[in-house]
Structures are given as structure tokens and as C-alpha cells.
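>>> Just need the structure, nothing else, for what follows:
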Amino acid sequence: MRDYRERGNRVRKHRQSYLPVLIAVVLIIIVIIISLLNGFFDEIAPSGTGKEADLNAVFGVTSQTEAAIIYNKELSDQKALYVNGGFFLPISMANDLADIFYYDQVENRLFATTASASNEASPSDFILNGDTVCVSPAFIRKFANFSFETAENPQRIFIQTEWGQKNTATATKKAYLKAAEDNRSDNLRKLEEGEVIEIISSNTAFSKCITEDHLIGYVDNKRLEGHSSQEEAVVNDVPPITYPAPLMQGNIVLGWHNVTNDTANSMLSDVLARVHGMNVICPTWFTISDNEGNVTSIASESYVSQAHQAGLKVWGLLDNFTGEADTEAVLSRTTTRRNLESRIVNLALQYGLDGINIDFEQLPATAGDDFAQFLRELSIICHSQNLVLSSDNYVPKEYTNYYRRDIQGRVCDYLIIMGYDEHTSNSGEAGSVASISFVTEGIVNTLKDVPAQKVINGIPFYTRRWALENGVLSSAVLSMSDAATFLSDNGVSASWDDTTCQNMAVFEKNGVTHSIWLEDSQSISAKLSVMKNNNLAGVACWRLLMETPDIWDVISAYYPVSAEASIPSAEAAK
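Just a heads-up that it's a prediction; the model follows:
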């Protein structure tokens, strides 16, 4: 009886030792069966549990007048306008395709301005959508190389500006275009057996694809076959816009001559007696006089004649300083803007000028596009009349980007940086007029938008004397010689400051703290060295008659000018 019990126990223990193995085997079999079933169901129902996607939601189309934009095979955040069966792109996208489009919202006119013509669109080529003007792709296509196709339900436009290798595959039976890399995700569309689709990118399981009707989604790689690749046809039938090279060759050494009345024109003789190595003089003769785009002039034929005899080119300066005109009102209306362009060019031709220098300051941000269009149009006229066009600009800051230095760099012959006024009477603190870091920053940031051969840097022939008395800060502008006299009269010597690359002095007298950062041959040399190292086209000097005679030797050492286009010496000008 005991032996029987022992044998029973041994059998139970033997069975118990196999039980975990049995359970593990059963689980493995179940997993294999589930995997096979999943593959089977994927085979017979590749869409899994996915439902039909809402394509309007996929494309972000929220109304019947809104259309999606697919830009270089990616869905864009921007939207097109869809009206009466026609598509219209926002002007911002038109300018992405070719940065030449301008809308006059006052007169409701649209222009595409190239290097040689300002082409006006017909009323059917654009439409206003709230505050945004939208342009027909057919009109844009006249000036830019891109292809476009459209589709509906939902409305969408496909735009391509980049071309390369196109990879395609053929859809097999029961293939679906999915919203995500998951067979259970929503179905964008069932693909036809044999349908050719383009593959944008792939991983081991799915390919991101675009169909011929411009739907973008994902396809299970098991549902693709017949892979092939071919080079896309490039659209390049629109020639690039090229602007004429500047009429002047070699270095530019320009001096601004501050002429405020007819009598001041007679001061040219004093200028010519002081300078050498300068080849352009820029008198401040013209200003916008009213909102109709008319111009006040104090130009002088005898001045031009005398300057030409001295070997100087004359560029007349047009400013907006009088306050008698609203610059934005003039520039934002095509009729008045073109009147201004015509007036200044006619004055330049009347007085035999060689160029026009535009100095529009304190423009509001809302006038940025208008200013750019003004320069585009003025460039066409100037180049047709062999006039050099230059424009003066602040040292670049983010808050002045609306001046569109990039456009200026294309349409103008020269962009001049006003590399001074780092500290002004409104700064609230004493400081340099043009420290070396300020000058360098201005040059480096301008060169991000404008080629070096078109950039001229302006240097100051003046400084500021600062006085702090009883907590009140004041300043006065001094010429180079007056600044030296100020220190001498106070028995003070300036010392070199490596931070600003200027000689400076700070001293106290009669309870007043005085400070000054000098502009002299050393500081000017430091600035010119930075300019030369950046291969700039030249130097502009504000302003003539405030410099000491030795400055011209320093400038000539860095920017020598050709003998036929410069004042050879002070003696020759007498």
C-alpha cells in the first residue's frame, strides 16, 4: 500500500514538472496564430479599421473659397483663394516665387516690376481677400519659373519650384493611401491597381507618397511594386532678372556736401580747396515738398560745372526732411510716387547730374513695400538715363528690416550705410558716435543682404561733446578740429580706447563731467580697415568741411581713386 502511494506521488510530481513547459508552448502557439491572423487580415483588408478621412480637415480647408497649397510636395501653412473656379495665391507667396510684386491699395493696382519694366496686372489677375491681395498663378508664372496644377474636392493647388530625381512605384490590389504610418489610420483614398504614385520618402514599413491628383499620405510598402526613378523636367523658360552693373568702376569716395540754401552752393570752392582723392560729391539739394510728389530744388548749374571740372561726379541727394510732405502718402499711391520719380530724374537731367542719392529717413514700417517699389521704378528710369542710383540706410537693426535692404541691393547701384549716430542727443547716455563694434556690425549685417561690391560705408567727420551736470545729460556736435580745440582749451589729452578704437577723454570741471570720443586719423583708419577687409565698394563721408586735412591721406591709403575721376590735389582745385 505504501509503495502504491509513493508511485502515485512520483507520477504527480513528474506531471507538475512538465506543466510550465506546456503552458509556455501553448502561449507561443497562440502568439504565432495571432501574428498569422494579423498578416492574413492585413492581406485581405489593408485599411485595417481605418475610416474614410475628412479631406477638408486633412488639408485645413474651412470654406468653399479657401484652397490648400502644396508647395514642393509639402502642405503649406498658407492658403490660396478659390473664387469662381479660379485660384489666387497670397502676394507673399507670389513674392516667394519672384520678389517683384507690389500692390497699391490706394489705387487698387498690382505691379510686377522687373529690371526693365513695371508690368501692371489686369483686374482679372488679382483679387482682394480682406486685407490680403491674392494673385493668379498664371500672372505670376509670366515672371517666375515654377509649375502648378490644381485639383478640387477639396480645392488645392500644387506648386513646384525645385526639381530633381522622381521616384515612383505602382500600387497593387487593395492598396490605400493612409493618413498616417498605420494601416488602421484613416483612409485618404483607395488606390487603383496599377496606379503610379510618387514616393517622397520611405522607411522599412511605409512610404510617404503623393498621388497624381496631389494627395499626400502613406502607403504600406507591401502594397507597392514596380519601383522606378527618372529625372524631373525643369521649368526654366523665364530668364532671370538681371540689373545693370554700376556705371562707375573702381573705388567710390563720396563726400556729402550739406547745402541748405542757394548761397551755400558757393561753398564748393572751399570744399575743393580742402580735399583730394574724392571722386563723388553729393550736395543735399532736393526734398519732397508736398503729398503730390513734387520736389523743391536748390540745384546749381555752375556748381555742377565746377565739380565736373575738378574731376568729380555729382550725385544729387533727395531727402524727406522738411515735414511738409507725408512720405508714405506719396510713395503708397502710384500716381504721386511716379510723379516724384519723374520730377527727380528730370531735375538730374536738367542740371547734368551723374547720379541720384535717396535719403529717406524715419519711414514708418507700413511704408516698407512702398519704398521698395519706389526704388524699383526709379532704378528703371535711372538706368535708362545713365544715372547712378544710391540709397542711404541706417545700420541694420531688426526693427528696420522693412527698409528691404535685400531689394535695395538688387535694384540700386550702391547701398550706403550711415555708419554713425550710434549715440545721439536722444540716447540718454554718453557714448561714441561710431565705435568700431557698431561700424563692424553694420557692415556685417548689411552684407547678409547686399553684395560687397554694392556696399559703401559712411563715416563721420564729427563727434559729440557730452556734459553731465546735476544729473542732466546734454551734448553738442563738434567738427574734428573743434573737438581737438575743446580738449586743448581744457588742458586735457585723449588716450586710445581699444574697445571703441577711438581716442577718448573723460574729465570733470566746475562740477560738470565732460566726455568725448574723438574722430581723427586713427579712428578713421580703424574703420577703413574693417571696410577694406570686407571688400566694400567705397566710403562716404558725412560731412564735408568738418574734417581735418590729414583725413584725406588716410582715406586715399585705403581707397585710392582713378585720376580721371578724382580731385588730384588741393592745389589743382584752386
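>>> so which strand or helix has Ala526?
helix 521-533 (DSSP states H and E).
>>> in that helix, what counts as buried?
Buried positions in helix 521-533, judged by neighbour count with 16 or more other C-beta atoms under 10 Å: 521, 523-524, 526-528, 530-531. No exception for glycine: its C-beta is placed from N, CA and C like everyone else's.
>>> Checking the residue nearest the centre of the chain next. Helix, strand or coil?
Centroid-nearest residue in the chain: Asp406, 4.7 Å away (criterion: C-alpha atoms, centre = their mean). Taken by DSSP: H, G, I helix; E, B strand; the rest coil, the conformation at Asp406 corresponds to helix.
>>> can you check Val219 too?
Under three-state DSSP, Val219 comes out as strand.
>>> shouldn't it be in contact with Ser207?
Yes. With contact defined as C-beta atoms under 8 Å, Val219 and Ser207 form a contacting pair (5.4 Å).
>>> Which of the two has more residues huddled nearby?
Val219 (26 against 22; other C-beta atoms under 10 Å).
>>> List the contacts of the more buried one.
171, 175-178, 191, 197, 206-207, 209 (C-beta atoms under 8 Å, 6 or more residues apart in numbering).
>>> Now that you've got the residues you listed, can you turn the buried subset into something I can paste into PyMOL?
Burial among those is assessed by 16+ other C-beta under 10 Å; the matching PyMOL selection reads:
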select buried, resi 171+175+176+177+178+191+197+206+207+209
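>>> Verify the stated contact: Asn56 with Thr62.
Yes. Asn56 lies in contact with Thr62 (C-beta under 8 Å); the separation is 7.4 Å.
>>> okay, and the common contacts of the two?
Counting by C-beta under 8 Å, 6+ apart, Asn56 and Thr62 have no contacts in common.
>>> and the next element down the chain from the lengthiest strand in the chain?
The single longest strand within the chain, with elements called by DSSP state E, is strand 74-83. Sequence order places strand 86-90 as the next helix or strand after strand 74-83, per DSSP H and E.
>>> Can I get that next one in CSV? Just the C-alpha atoms.
Provided in CSV are the C-alpha atoms of strand 86-90 (Å, rounded to 0.1, in the frame of the first residue of the first chain):
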residue,chain,number,x,y,z
GLY,A,86,-10.1,80.3,-60.2
PHE,A,87,-7.2,80.0,-57.8
PHE,A,88,-5.3,83.0,-56.4
LEU,A,89,-2.2,83.0,-54.3
PRO,A,90,-1.4,85.5,-51.5
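>>> who touches that strand?
By C-beta under 8 Å, 6+ apart, the list of residues contacting strand 86-90 from outside reads 67, 69, 78-82, 126-127, 129, 132-137, 140, 150, 155, 157, 159.
>>> if you set the cut-off to 6 Å instead, what comes out?
By C-beta atoms under 6 Å, 6 or more residues apart in numbering, the list of residues contacting strand 86-90 from outside reads 67, 78, 80-81, 127, 132, 134-137, 150, 157.
>>> before we move on, the earlier item: now tabulate the buried residues of helix 521-533 in JSON lines and tack on pLDDT.
Output for those, formatted as JSON lines (pLDDT from 0 to 100):
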{"residue": "Ser521", "pLDDT": "98"}
{"residue": "Ser523", "pLDDT": "98"}
{"residue": "Ile524", "pLDDT": "98"}
{"residue": "Ala526", "pLDDT": "98"}
{"residue": "Lys527", "pLDDT": "98"}
{"residue": "Leu528", "pLDDT": "98"}
{"residue": "Val530", "pLDDT": "98"}
{"residue": "Met531", "pLDDT": "98"}
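>>> Kindly check the end-to-end length of stretch 441-459 for me.
This stretch, stretch 441-459, spans 14 Å end to end (C-alpha to C-alpha, to the nearest Å).
>>> Pull the residues that contact it.
Residues contacting stretch 441-459 (C-beta under 6 Å, 6+ apart): 252, 395-396, 405-406, 409, 414-419, 527, 531, 534-538, 540-542.
>>> Filter these down to the buried ones.
Buried among the contacts of stretch 441-459 by 16+ other C-beta under 10 Å: 252, 395-396, 405, 409, 414-419, 527, 531, 536-538, 540-542.
>>> Sketch out the low-pLDDT regions of this protein for me.
Residues of the chain meeting the criterion pLDDT under 70: 1-26, 29-49, 563-574.
>>> next one: phi and psi at the closest residue in space to Leu536 that isn't next to it in sequence?
Closest residue to Leu536 apart from its sequence neighbours, by C-beta to C-beta, 6 or more residues apart in numbering: Val455 at 5.0 Å. The phi/psi pair for Val455 (degrees, to the nearest 10) reads phi -100, psi 130.
>>> repeat for Val238
Backbone torsions for Val238, taken as degrees, to the nearest 10, come to phi -90, psi 120.
>>> what's the helix or strand for the closest residue to it other than its chain neighbours?
Of all residues not flanking Val238 in the chain, Asn145 sits nearest, at 4.9 Å (C-beta to C-beta, 6+ apart). Here Asn145 sits in a region with no helix or strand, counting by DSSP H and E.
>>> any idea how far Asn145 lies from Gln160?
Taking C-beta to C-beta, to the nearest Å as the measure, Asn145 falls 10 Å from Gln160.
>>> follow-up on the earlier one: so which of the contacts of strand 86-90 wins on neighbours?
Ala80 leads the contacts of strand 86-90 on contacts (other C-beta under 10 Å) with 27 neighbours.
>>> so who does it touch?
67, 69, 87, 89, 157.
>>> Doesn't Tyr399 belong to a strand?
No. Tyr399: not assigned to a strand; according to three-state DSSP it is helix.
>>> Now it: closest residue in space that isn't a chain neighbour?
The nearest residue in space to Tyr399 (C-beta to C-beta, 6+ apart) is Ala365, at 8.0 Å.
>>> residues making contact with stretch 312-332?
106, 280-282, 284-291, 293, 304, 307, 336-337, 340, 344, 348, 353-360, 364, 367, 370-371, 374.
>>> Among those, which are located in strands?
280-282, 286-288, 355-359.
>>> Where neighbours are concerned, which of those residues has the most?
Within those, most neighbours by other C-beta under 10 Å means Cys282, with 30 neighbours.
>>> Spit out the contact partners of that residue.
Contacts of Cys282 (C-beta under 6 Å, 6+ apart): 254, 256, 315, 317, 357.
>>> In JSON lines, list the residues you listed along with distance to Ala117 and secondary structure.
As requested, those are exported to JSON lines (distance: C-beta to C-beta, whole Å; DSSP: H, G, I helix; E, B strand; the rest coil):
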{"residue": "Leu254", "distance to Ala117": "30", "secondary structure": "strand"}
{"residue": "Trp256", "distance to Ala117": "32", "secondary structure": "strand"}
{"residue": "Trp315", "distance to Ala117": "25", "secondary structure": "strand"}
{"residue": "Leu317", "distance to Ala117": "27", "secondary structure": "strand"}
{"residue": "Asn357", "distance to Ala117": "24", "secondary structure": "strand"}
